[in-house]
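[1] here is a sequence with its predicted model. Questions after.
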Amino acid sequence: MIASSISAIAFDLDGTLVDSVPDLAAATQATLADMGLRGCTEDQVRSWVGNGTEMLMRRALTSSLGAEPDASVMADAMPVFMKHYEACLERYSKLYPGVESVLRTLQQRGFRLAVVTNKPYRFTIPLLQAFGIESFFSEILGGDSLTKMKPDPLPLTHLLEKWQLQPQQMLMVGDSRNDVLAAKAAGIASIGLTYGYNYGEDIGLCGPDAVCDHFEQILAHLPPQQSE
Ligand SMILES: O=C(O)COP(=O)(O)O
Ligand SMILES: [Mg+2]
């Protein structure tokens, strides 16, 4: 068990709850095509996800152009990407196995649950709603909800303050080094999931407190009942 004192859990979204790369890739490919630029593969997009939508587009444009895009290219690309992604948000994306039942179990056990994602907030709510899991979360923070996103600890310290919790009472569950680094900087424990997107790297290397291959396995690291 990670800590018997855990009473709240912050979940990452992309690569943790939802396999969203198929739609992120479709929207990225459609954006590059609209701009008359060289396309990209889904595998490339998987390795570019993790630091929000703008960074995804910046990485895609850099790959396509062979150089960093300038500000005007970025300004042209972003609204095109937003339009495409909005249109296909959950078309090919899937909830990972066990997500709904584990969230239900954790809610029944009295844990307070949050989503802390780097995805823009305007996409986060409809995506959670599309998969019927929005109501499990009492707080939902997007990458643009606060002034800084993961790996900055701000979204997690914001939750600690809002919920009046000590760091040892919260856990972060995510697939990326950004989740683990944000958790470490906030002084909270973290579980790294191996099935998501971590720039093609082993999540264990950035030192989460535990590593799980399946979402269901997180239950084994938690107390049977939250202790508050
Ligand atoms: O949008 C991203 O780049 C990553 O989103 P996540 O923080 O939910 O993994
Ligand atoms: Mg993620």
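    Arrived safely. Ligands and ions are numbered 1, 2, ... in the order given.

[2] which pLDDT value belongs to Pro223?
    Here the pLDDT value assigned to Pro223 is 84.

[3] regarding it, what is its secondary structure?
    In the three-state summary, Pro223 is assigned as coil, counting by DSSP: H, G, I helix; E, B strand; the rest coil.

[4] any weak-confidence spans in the chain?
    By pLDDT under 70, the low-scoring segments of the chain are 226-228.

[5] mind listing residues that contact the lengthiest helix in the chain?
    Ranked by residue count, the top helix of the chain under DSSP state H comes out as helix 71-88. The set of residues external to helix 71-88 that reach it, using Cβ atoms under 8 Å, 6 or more residues apart in numbering, is 23-24, 26-28, 30-31, 34-35, 53-54, 56-58, 61, 65, 69, 122-123. Backbone N, C-alpha and C define where each C-beta goes, glycine included.

[6] how far does the next helix or strand after it sit from its chain's centre?
    For helix 71-88, the succeeding helix or strand toward the C-terminus, using DSSP states H and E, is strand 94-95. Remark: strand 94-95 is offset 13 Å from the chain centroid, using Cα atoms, centre = their mean, to the nearest Å.

[7] same check on stretch 128-137?
    Taking Cα atoms, centre = their mean, one finds the center of stretch 128-137 at 14 Å from the center of the full chain.

[8] helix, strand or coil for Ile191?
    When states are read from three-state DSSP, the local structure at Ile191 comes out as strand.

[9] beta partners of it?
    Under the criterion DSSP bridges, Ile191 forms beta bridges with Val173, Ala210.

[10] gap between it and Val180?
    According to Cβ to Cβ, to the nearest Å, Ile191 stands 9 Å off from Val180.

[11] got it, and Pro153?
    As defined by Cβ to Cβ, Pro153 lies at a distance of 11 Å from Val180.

[12] which among the contacts of helix 71-88 end up buried?
    23-24, 26-28, 30-31, 35, 53-54, 56-58, 61, 69, 123 (16 or more other Cβ atoms under 10 Å).

[13] taking those one by one, which sit in helices?
    23-24, 26-28, 30-31, 53-54, 56-58, 61, 123.

[14] out of these, which are close to ligand 1?
    Checked against ligand 1 using Cβ under 6 Å from any ligand atom, those give the following subset in range: Leu56.

[15] could you pull out the strands for this protein?
    8-11, 18-19, 94-95, 112-116, 139-141, 170-174, 189-193, 210-212 (DSSP state E).

[16] JSON lines please, covering those and showing mean neighbour count.
    Compiled in JSON lines, the strands of the chain are given as follows (neighbours: other Cβ atoms under 10 Å):
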{"stretch": "strand 8-11", "mean neighbour count": "25"}
{"stretch": "strand 18-19", "mean neighbour count": "22"}
{"stretch": "strand 94-95", "mean neighbour count": "16"}
{"stretch": "strand 112-116", "mean neighbour count": "23"}
{"stretch": "strand 139-141", "mean neighbour count": "20"}
{"stretch": "strand 170-174", "mean neighbour count": "28"}
{"stretch": "strand 189-193", "mean neighbour count": "27"}
{"stretch": "strand 210-212", "mean neighbour count": "18"}
